[in-house]
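> Based on what follows, work out the 3D shape:
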Amino acid sequence: MTEIGQVVGIKKKTATVKVDKKDECSKCGMCLFKDNAGYTEFHADNKVGAKVGDTVRIETSEKAKFIGILLVFVVPLLLIGVSALITYTAIKQDIYMLVLSAASVIVWFFILPFIDKAIAKKNKMATEIVEIVFREIAEEKNI
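Predicted coordinates:
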């Protein structure tokens, strides 16, 4: 994924980049735009020395996308399948199968932010600033 955004904050070697929502973003869901939000913010490695106000191009690696898909889509499907199999073999009642499957997915999505933070600390889900598209130049006025 490649996006253009504006640096709105810097903390050590990480920049916070604000990216405006595009029409095609409503179909994807990868960036997790909040309802009715016009933008989202990414934390990106700032290896190019971008400063607050700069317009930058950020990229998320293919590995990060693959891990994200696994965590958000594949694992919940596996949880539903395993939960259904366990309840079908042990209890054989559909309502318990439904309840256990739903509960396991709900618990997974409560655990997922902690897993996301742990992976981010290991820098495997890194978004990176690859280019400064436009540098905001502050002018000083002598009065």
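> going forward, measure contacts and count neighbours with C-alpha atoms only.
Noted.
> show me the biggest helix of the protein in terms of residues.
Across the chain, the helix with the greatest residue count (assigned by DSSP state H) is helix 94-121.
> what about E128, how many neighbours?
Residues lying near E128 (other CA atoms under 10 Å) number 22.
> Not counting its own residues, what contacts stretch 71-89?
When contacts are taken as CA atoms under 8 Å, 6 or more residues apart in numbering, the neighbours of stretch 71-89 outside the stretch itself are Q93, D94, Y96, M97, L98, L100, S101, A102, S104, V105, W108, L112.
> By neighbour count, which of these wins?
Among those, S101 has the most neighbours (other CA under 10 Å), with 23 neighbours.
> so what secondary structure elements neighbour the longest helix of the chain?
Applying 3 or more CA pairs under 8 Å, 6 or more residues apart in numbering; DSSP states H and E, one finds that helix 94-121 contacts helix 75-90.
> Next, the angle helix 94-121 makes with the helix it packs on.
Using axes from the mean of the first three to the mean of the last three CA atoms, to 10 degrees, the direction of helix 75-90 lies 150 degrees away from that of helix 94-121.
> one step back: closest to S61 among the contacts of stretch 71-89?
Of all the contacts of stretch 71-89, the one sitting nearest S61 is L112; the distance, using CA to CA, is 19.7 Å.
> quick one, what contacts that closest one?
When contacts are counted by CA under 8 Å, 6+ apart, L112 touches L71.
> picking that back up, looking at the contacts of stretch 71-89, spot the one nearest V133.
Ranking the contacts of stretch 71-89 by separation from V133, with CA to CA as the measure, puts L112 on top at 33.5 Å.
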